[in-house]
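J.: model the following, please.
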Amino acid sequence: MTPLFRQNLLKKSPALTKASLMALAIAVAGCNSNSTEARNEPSKTPTSAKQNTSASSDSDPKVVAALEANFKASGFEQKIISAIPTSMDNIYWVTAEGMPAFFSDKEGRHIIQGQIVEIGQAHPIDISADLIAQSAKQKLAAVDKKEMIIYPAKGATKAVVYVFTDADCPYCTKLHSEMSDINAQGIEVRYLAWPRSDASIPKMEAIWCSSDRMQAMDDAKAGKPLSSPKCDSPVRSHIELGMSLGVSGTPAIFTESGHQIGGYLPAKELAAAALAH
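T.: Model (predicted):
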């Protein structure tokens, strides 16, 4: 767990903090945020179809106010960004500062984390899927390219992926070893920093403070020592961004459309998934 996340309002509730870290996590090949061990478990949740909701995209100010008031009544301040009605009656999709998005009721009294799946049609539908992607798309697009370490596509750029990475994650190293193949398939990779532990933060900051970030990233993935002066790096803002997107391990791969497609994926599978979204 990162110190940045511990510093936010959820430090007052350890159980909620742990749940928030796990909310919206996808069970894929990657390194989790609490250890250096990798996991590779297939998702057991229904395959989502396109979001089938006619809900308004307008935030409900009454629900926002109710949530903030109820958080305050429970002992801590929380800034609620939006509360958007979903296709499920009186259930809202809520985005907030410093924590992953969640569902809530109309009175703002309950935090509901995880999936709500609609059934009864040709395919089960995760009603939050498009809402999550829309939010992620906007947040990722807002990141200045100068803050990222970009490995451009070879030839025409067919798709772009954002990858939250950690220099100490074995699956991140495996993904990076296939960078040439990924780029050769027309995929541009934009790295953001996601140190999974306090111990990894200095190494990630050294990469981002290097005069040649790409070379520093290559060296770090190869296990070579790093040396660079201190700077005002974006590492901690990337951590906060990842937390808001529900990232809990590395690599975490998002398409430009905001859909999370991995976890580690072999180069051909990553390219196929990026082009499909």
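
J.: show me where the protein has strands.
T.: Applying DSSP state E to the chain gives strands spanning 30-32, 38-39, 80-85, 91-96, 99-105, 111-112, 117-118, 125-126, 149-151, 159-165, 187-193, 249-250, 252-255, 260-262.

J.: ranking the ones you listed by burial, who's on top?
T.: strand 249-250 (a mean of 29; mean count of other CB atoms under 10 Å). (Glycine included, C-beta is placed from N, CA and C.)

J.: for the record, mean pLDDT for that one?
T.: Mean pLDDT, strand 249-250: 94.

J.: residue at max distance from the center of this structure?
T.: Gly120 (29.8 Å; CA atoms, centre = their mean).

J.: low-confidence stretches in the chain?
T.: 1-29, 33-57 (pLDDT under 70).

J.: contacting residues around stretch 156-164?
T.: 140, 148, 175, 185-194, 238, 242, 247, 250-256, 261, 270-271, 274-275 (CB atoms under 8 Å, 6 or more residues apart in numbering).

J.: ok, back up a step: of the strands of the chain, which is nearest Pro234?
T.: strand 187-193 (7.1 Å; CB to CB).

J.: and the closest one, what does it pack against?
T.: Applying 3 or more CB pairs under 8 Å, 6 or more residues apart in numbering; DSSP states H and E, one finds that strand 187-193 makes contact with strand 149-151, strand 159-165, helix 179-184, helix 201-209, helix 235-244, helix 267-276.

J.: just those: most buried one?
T.: strand 159-165 (a mean of 24).

J.: that strand pairs with which strands, parallel or anti?
T.: Strand pairing for strand 159-165, using DSSP bridges, gives strand 187-193 (parallel), strand 252-255 (antiparallel).

J.: now do it and helix 235-244, the angle between them.
T.: Computed by axes from the mean of the first three to the mean of the last three CA atoms, to 10 degrees, the angle separating strand 159-165 from helix 235-244 equals 110 degrees.

J.: Pro229 is nearest to which of the strands paired with strand 159-165?
T.: strand 187-193 (17.1 Å).

J.: and the gap between Tyr162 and Ala96?
T.: 21 Å (CB to CB, to the nearest Å).

J.: still on that earlier bit, got the strands of the chain as CSV, with distance to Pro202 columns?
T.: Converted to CSV, those look like this (distance: least, CB to CB, whole Å):
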stretch, distance to Pro202
strand 30-32, 18
strand 38-39, 22
strand 80-85, 31
strand 91-96, 29
strand 99-105, 26
strand 111-112, 34
strand 117-118, 41
strand 125-126, 38
strand 149-151, 17
strand 159-165, 16
strand 187-193, 12
strand 249-250, 17
strand 252-255, 21
strand 260-262, 26
